[in-house]
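Asker: model the following, please.
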Amino acid sequence: MSRKHPLQHSVFHDDAAARKALEDLRWPDGCRCLSCASVNVEKVGGIKLTHRDGLLRCKDCRRQFTVTVGTVFHRSKVPLSKWLLVVHLENNAGLAKDTQAIAQAAELSHKTVQKMRARIYAALITYKGPNTVFGGRPTGYVWDQRPKSYRKPPEYKKNPGRYFAWRRRNPLGDTVEALGVLTASAGYARGGLNRTERLLRLLVSTDPVKLAETPERRGKANPSHTRWLPKQEETKGIELRRVRASRT
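Answerer: Next up is the predicted model:
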């Protein structure tokens, strides 16, 4: 049986399929109310279709919400299918080498993709688990954000005791596991889609980032995506690099 290319997946072309995938990733055990955590949730529908796409309503507290509320996708005008495509391309660097290539593949402007990348990498700052579950670019960013003591563990085979002592001094948080939502359809290779699914699970569990209205002047210490972040996020990155420089 021939394998289908991951970019042929419906979540990268259909907004309804993309929204359903995000719902399955955020609530693997069924939708829950964001206010009271009730499972008594129904989908709002009707003939007139005057409601928002994917609108949900809690029968207990009467609150209405969607899967993007409280995530980095909240209040974004970019369609969800294009969001998932940009996340997939950014997480699999072999498919798109730079931001301009991603913008052309997603049919978005370069400025829009830069802002989307800012939200993605702002969410990665909060990740404390192993940095080998994502693609090359996110993995490199997570590795760069961590203290120097985390970067070079002693070899386990030569001295297991020294390795475990190092791990106790440098503990890691929980990892992000793939649930198989994107690879449930037969014929798709799992490698790249599993990495994308892990990153999406992190994005739907991270608070949204308020972007600056105008880009700040790019400095030598700032990565390209941080010029779209608020000043407190940029300051945090700069101060972190100053602390590392003082330790060396």
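Asker: please, where are all the strands along this protein?
Answerer: Secondary structure of the chain (DSSP state E): strands at 41-43, 56-58, 64-65.
Asker: tell me the most buried of those strands?
Answerer: strand 56-58 (a mean of 19; mean count of other C-beta atoms under 10 Å). For glycine as for every other residue, the C-beta is placed from the backbone atoms N, C-alpha and C.
Asker: now for that strand, which elements pack on it?
Answerer: strand 41-43, strand 64-65 (3 or more C-beta pairs under 8 Å, 6 or more residues apart in numbering; DSSP states H and E).
Asker: would you list those strands in JSON lines and tack on mean pLDDT and distance to residue 171?
Answerer: Formatted as JSON lines, the helices and strands packed on strand 56-58 follow (pLDDT from 0 to 100; distance: least, C-beta to C-beta, whole Å):
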{"stretch": "strand 41-43", "mean pLDDT": "90", "distance to residue 171": "36"}
{"stretch": "strand 64-65", "mean pLDDT": "92", "distance to residue 171": "34"}
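Asker: put together TSV for those strands, with distance to residue 168 on each row.
Answerer: Shown next, in TSV, are the helices and strands packed on strand 56-58 (distance: least, C-beta to C-beta, whole Å):
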stretch	distance to residue 168
strand 41-43	42
strand 64-65	41
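Asker: so for this structure, the centremost residue is which one?
Answerer: residue 203 (3.5 Å; C-alpha atoms, centre = their mean).
Asker: surely it and residue 88 touch.
Answerer: No. Assessed by C-beta atoms under 8 Å, residue 203 is found out of contact with residue 88, at 11.9 Å.
Asker: next, count neighbours for residue 40.
Answerer: 13 (other C-beta atoms under 10 Å).
Asker: how about the contacts made by it?
Answerer: By C-beta atoms under 8 Å, 6 or more residues apart in numbering, the contact set of residue 40 is 33, 58-60.
Asker: hang on, the earlier thing: closest one to residue 4 among the helices and strands packed on strand 56-58?
Answerer: strand 41-43 (29.3 Å; C-beta to C-beta).
Asker: per-residue pLDDT, the closest residue to residue 69 other than its chain neighbours?
Answerer: Of all residues beyond its chain neighbours, the one nearest residue 69 is residue 34 (6.1 Å), with distances taken as C-beta to C-beta, 6 or more residues apart in numbering. On pLDDT, residue 34 comes in at 91.
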